[in-house]
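A.B. asks: Give me a 3D structure for the following:
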Amino acid sequence: MTDKSKRVETFINNPKKAVWTLTLPMLLGMIVQYLYSLTDTFFVSKISTDAIAAMQFNLPFVFFAISICFGLGIGITAIISQALGAKDIHRANNAAEHAILMGVVLGIFISAVSIIFRYPIFKLLGAPENIIGLAVQYFEIIVFGFIFNILGVFFRSILSGEGDAKTPVRFMIIGTVINIGLDPLFIFVFKLGIAGAAWATITAQFVVTVLYIIFFFVKKDSLVQFKFSDFSFSWEIIGKTIKIGLPASLSMVIMSFGQMLYNRIVVYFGSDAVASVGIGMRLDQLFFLPIMGLSGSLVTLIGMFYGAKRIDLVRSTWLYTIKWGEMLAVTFGLLFYFISPYFMKMFASDPAIIETGVTYIRYVVFAYPFIVVGMISGRVFQGLGNGMPGLILTTLRIAVIILPLALLFTRVFDWGVQGVFLSQVISSFIASLIAYFWLSGNLKKVEKKEIITEV
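C.D. replies: Numbering: from 1, shown residues only. Next up is the predicted model:
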């Protein structure tokens, strides 16, 4: 038995160690990616404040396009991990082959639709006239990298399903280093401005896609193997991928639309306010890195435990992960509250932008402990093969709570942009309570069903 094939047994025998085995490599890769994000923002900020705002208006749509595939990728991860937990390697292989097929089709379709409707998209987002030209200039280039990004999502999902967190991280680091190196070259040396940042991004994405192709199809280094000669199209695999992944995709789409509408509410206070929030979110990302790593590991682990019928490990691993997440939330929250003025001054010189950015950070840190519970609980549901709770919770948080409250606080109570930030804290609190008790009740049912089956 190879080391790769022993991975499932190793995770089951020591689930707490398995959490960190998967989390730490993911975290390393995301830290490098985060440093790129900061570097990218820094270089673009040297162009103009309008350039930063233009990138901020691009983020929701790019997130929207990728989130569709990322959610389906979660479905693939869950299917592969459950299959490997049940020691069904043929099903794992077939699920991986379906993933690549979906990646190619979706990549072409999303790119085509995006480029056709680019101007209506940014008008819908509420981009001001002084921003829309720069936003479209960036978007017209970045859209051609969608297929590389989407394939990368599916390749990572396959490796996540088999518990390999290190390979995607290596490729992510290579891509990020390339991106950071090309940014100043394209932006300043070649004098491409904001378009240079876009060219740097898609060049790096292309290189990473090539690395994945070599890894899977040339070296064949993965536990899951592509044997297209044995490929059998399965509506059952497609259906289960959609059942798990589509709610996750729709959750991210709702978050994307929520961010678009959020920007529309914030831009009511001026494009500088959008730039302030965009910079502040770069600090937010530093908190999200370890939480995303922790929660992301659970889709694989819970899937394996569920496939191996070790339901007893699901609850203990969920609570163990939340405990560490809460410690991180409190630590980062305190740190960010006090360093926020110094962070904002790194990226802006306008006192108004700095003040709004600091206000944003000092409100949103109070949502961190609640965000931990919501994110981690949602990933446990997905590992169990149920993506619908995450969709319902996201819809509740954004459509039912945050956006109506933001409008109420800013338009009716006239609390200024602070009202938008306060609505985030309230929505995260309510959603986390519902997520915790919902999952706890669901696990009791699963555990009871497993006891009856054993008897």
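A.B. asks: Give me the neighbour count for Lys191.
C.D. replies: The tally of other residues near Lys191 (other CB atoms under 10 Å) stands at 9. Every C-beta, even on glycine, is put in place using the N, C-alpha and C of the backbone.
A.B. asks: What separation do you get for it and Ile116?
C.D. replies: 29 Å (CB to CB, to the nearest Å).
A.B. asks: and if you look at Phe188?
C.D. replies: In terms of CB to CB, Phe188 sits 32 Å off from Ile116.
A.B. asks: Looking only at neighbour counts, state which of these two leads.
C.D. replies: Ranked by neighbour count (other CB under 10 Å), Phe188 and Ile116 place Phe188 first, with 14 against 10.
A.B. asks: Contacts only, for the more buried one.
C.D. replies: Phe43, Lys46, Gly196 (CB atoms under 8 Å, 6 or more residues apart in numbering).
A.B. asks: again, but for Ile302
C.D. replies: Val314, Thr317, Trp318, Arg379, Val380, Gln382, Gly383, Leu384.
A.B. asks: So Gly307 is in contact with Gln82, correct?
C.D. replies: Yes - contact between Gly307 and Gln82 holds when scored by CB atoms under 8 Å: they sit 3.7 Å apart.
A.B. asks: quick one: which of these two has more around it?
C.D. replies: Ranked by neighbour count (other CB under 10 Å), Gly307 and Gln82 place Gln82 first, with 27 against 22.
A.B. asks: and the more buried one, backbone torsions?
C.D. replies: phi -70, psi -40 (degrees, to the nearest 10).
A.B. asks: any idea how far Thr300 is from it?
C.D. replies: Distance from Gln82 to Thr300, by CB to CB: 10 Å.
A.B. asks: which non-adjacent residue is nearest Met252?
C.D. replies: Among residues not flanking Met252 along the chain, Ser67 sits closest, at 3.0 Å (CB to CB, 6 or more residues apart in numbering).
A.B. asks: helix, strand or coil for the one you found?
C.D. replies: The assignment at Ser67 comes out as helix when based on DSSP: H, G, I helix; E, B strand; the rest coil.
A.B. asks: So for Val364, what's the pLDDT?
C.D. replies: Looking at Val364, its pLDDT is 90.
A.B. asks: Now do the same contact list for it.
C.D. replies: Neighbours of Val364 in contact, by CB under 8 Å, 6+ apart: Gly280, Asp284, Phe421, Gln424, Val425.
A.B. asks: Output the contacting helices and strands for the one helix or strand the fourth one maps to.
C.D. replies: With secondary structure defined by DSSP states H and E, Gln424 is part of helix 417-454. With contacts defined as 3 or more CB pairs under 8 Å, 6 or more residues apart in numbering; DSSP states H and E, helix 417-454 has these neighbours: helix 235-267, helix 312-347, helix 351-364, helix 368-383, helix 388-395, helix 403-407.
A.B. asks: Please point out which parts of that helix sit buried.
C.D. replies: 417, 419-432, 434-436, 439, 442-443, 450 (16 or more other CB atoms under 10 Å).
A.B. asks: Repeat that for stretch 180-189.
C.D. replies: For stretch 180-189, using 16+ other CB under 10 Å, the buried residues are Ile180, Leu182, Asp183, Pro184, Phe186, Ile187.
A.B. asks: what's the first-to-last distance across that stretch?
C.D. replies: This stretch, stretch 180-189, spans 14 Å end to end (CA to CA, to the nearest Å).
A.B. asks: now that stretch: mean pLDDT?
C.D. replies: 88.
A.B. asks: Make 887 the first number, not 1, from now on.
C.D. replies: With the count now opening at 887, the last piece we talked about shows up as stretch 1066-1075.
A.B. asks: Quick one: low-confidence residue ranges for the stretch 987-1136 of the chain.
C.D. replies: 1011 (pLDDT under 70).
A.B. asks: could you pull out the strands for it?
C.D. replies: Along the stretch 987-1136 of the chain, counting by DSSP state E, counting those that start in this stretch, no stretch forms strands.
A.B. asks: how about the helices in it?
C.D. replies: 1004-1010, 1015-1028, 1032-1047, 1052-1070, 1080-1099, 1121-1153 (DSSP state H, counting those that start in this stretch).
A.B. asks: would you list those in JSON lines and tack on distance to Ala940?
C.D. replies: JSON lines is the format used below for the helices of the stretch 987-1136 of the chain (distance: least, CB to CB, whole Å):
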{"stretch": "helix 1004-1010", "distance to Ala940": "9"}
{"stretch": "helix 1015-1028", "distance to Ala940": "4"}
{"stretch": "helix 1032-1047", "distance to Ala940": "18"}
{"stretch": "helix 1052-1070", "distance to Ala940": "16"}
{"stretch": "helix 1080-1099", "distance to Ala940": "6"}
{"stretch": "helix 1121-1153", "distance to Ala940": "12"}
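A.B. asks: Tell me which of the ones you listed lies nearest to Ser1226.
C.D. replies: For Ser1226, the closest of the helices of the stretch 987-1136 of the chain is helix 1121-1153, at 17.3 Å, according to CB to CB.
A.B. asks: how far is the closest one from where the chain is centred?
C.D. replies: 11 Å (CA atoms, centre = their mean, to the nearest Å).
A.B. asks: and the next helix or strand after that helix with helix 1121-1153, angle?
C.D. replies: Per DSSP H and E, the first helix or strand lying C-terminal to helix 1121-1153 is helix 1157-1193. Counting by axes from the mean of the first three to the mean of the last three CA atoms, to 10 degrees, helix 1157-1193 lies at 160 degrees to helix 1121-1153.
A.B. asks: Buried residues in helix 1157-1193, which are they?
C.D. replies: 1157-1170, 1172-1193.
A.B. asks: Next, the angle helix 1198-1233 makes with it.
C.D. replies: 160 degrees.
A.B. asks: Can you tell me which of the contacts of Ile1188 is nearest Pro911?
C.D. replies: Arg1265 (16.8 Å).
A.B. asks: got a list of what that closest one touches?
C.D. replies: Arg1265 neighbours (CB under 8 Å, 6+ apart): Ser1181, Gly1182, Leu1184, Val1185, Ile1188.
A.B. asks: Tell me who's in contact with Thr1053.
C.D. replies: With CB under 8 Å, 6+ apart, Thr1053 has these contacts: Leu1045, Phe1101, Asp1107, Ser1108.
A.B. asks: just those residues now: which is nearest Phe1218?
C.D. replies: Taking the contacts of Thr1053 together and measuring to Phe1218 by CB to CB, the closest member is Leu1045, at 27.8 Å.
A.B. asks: thinking again about what came up before, ok, now how distant is the residue nearest to Met1138 from Ser1137?
C.D. replies: In terms of CB to CB, Ser953 sits 8 Å off from Ser1137.
A.B. asks: so what's Leu1175 closest to, chain neighbours aside?
C.D. replies: Met916 (4.4 Å).
A.B. asks: Okay, and that neighbour sits in which element?
C.D. replies: helix 901-931.
A.B. asks: Spit out the contact partners of the nearest residue to Trp1085 once chain neighbours are set aside.
C.D. replies: Once flanking residues are discounted, Trp1085 sits nearest to Phe1072: 5.1 Å by CB to CB, 6+ apart. Residues near Phe1072 by CB under 8 Å, 6+ apart: Leu1078, Ala1081, Gly1082, Ala1083, Trp1085, Ala1086.
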